[in-house]
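Chemist: have a look at this prediction, sequence included:
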Amino acid sequence: MKKLLLSATVLAFTAGASFADTVRMGTEGAYPPYNFIDDDGEVAGFEREVGDKLCEIAGLTCEWVTNEWDTIIPNLLSGNYDTIIAGMSITDERDEVIDFTQDYYPPTASAYAALTDGVDLMGGVIAAQTSTIQAGHVATTGATLVEFATLDDTIAAVQNGEVDAVFADKDALAPFVAEQGFTFLGDDVPLGDGIGMGLRESDAELKTKFNAAIDAMKADGSLNALLIKYFGEETATY
């Protein structure tokens, strides 16, 4: 993977930023309510609304591109799209490879969820989505980590008894707790420095445009309104 990222970095310099015409907004499309594919086959969710508003404020023409999570950074670097807006937490490790805007979602909690109480969270078998900060955390706890490509796959693994619990963003797990018989276990775990847009290091001008647009949404309350719309009155806001 290291070699892949380094090669992609070289490609990024030749890919350049074509955002003067159209900015391609890269997302996963499989992490509701942050981002998902709706019944019409379109990207929807919190980040679709945020991203469209940011592009409007910045005066940019934007189109949406989906990519599997585990290759989302390499494909940004190789020029397949110009941003990552996909529930990606800002971390020092990622910041060594790509650049980030300021956060558009405040630092939030990760949590464990299971179908039964009494799961050994430090010694059991825990599912997490691959290449996430949650997977990295589980790997340090002494539990057996099993990684899956999507959040839905981690949920299915709990439901079919393949694993004991899932560890993910608490907001992403909340619908499963409310509607599908899951329960939160243990204490919340704060991870990351909020969620930001990922960009190539070479796209400093694009970063400046999006940072200014995020500032505007924070100032006029529209970002808080979307946070509450998708994550409820108790969610962290600006």
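Modeler: Now that the structure is in, tell me what you want to look at. Predicted, not measured: the structure shown is a model, and the values here were computed from it.
Chemist: grab the nearest non-local neighbour of Met197.
Modeler: In this structure, Met197 finds its nearest non-sequential neighbour in Thr101, 4.3 Å apart by CB to CB, 6 or more residues apart in numbering. All C-beta atoms are positioned from the backbone trio N, CA, C, and that covers glycine.
Chemist: burial of the one you found, as a residue count?
Modeler: Using other CB atoms under 10 Å, Thr101 has 23 other residues around it.
Chemist: packing partners of the strand or helix carrying it?
Modeler: Assessed by DSSP states H and E, Thr101 sits inside strand 99-105. If contacts are counted by 3 or more CB pairs under 8 Å, 6 or more residues apart in numbering; DSSP states H and E, strand 99-105 sits against strand 195-199, helix 204-220.
Chemist: could you export the ones you listed as a markdown table, including distance to Tyr112 and mean neighbour count?
Modeler: Shown next, in a markdown table, are the helices and strands packed on strand 99-105 (distance: least, CB to CB, whole Å; neighbours: other CB atoms under 10 Å):
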| stretch | distance to Tyr112 | mean neighbour count |
| --- | --- | --- |
| strand 195-199 | 20 | 26 |
| helix 204-220 | 31 | 17 |
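Chemist: I'd like the ones you listed written out as CSV, with mean pLDDT added.
Modeler: Converted to CSV, these look like this (pLDDT from 0 to 100):
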stretch, mean pLDDT
strand 195-199, 98
helix 204-220, 98
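Chemist: quick one, what contacts the most centrally placed residue in the chain?
Modeler: In the chain, the C-alpha nearest the mean C-alpha coordinate belongs to Gly87, at 1.7 Å (CA atoms, centre = their mean). Counting by CB atoms under 8 Å, 6 or more residues apart in numbering, Gly87 touches 28, 31, 34-35, 47, 105, 169, 172, 195.
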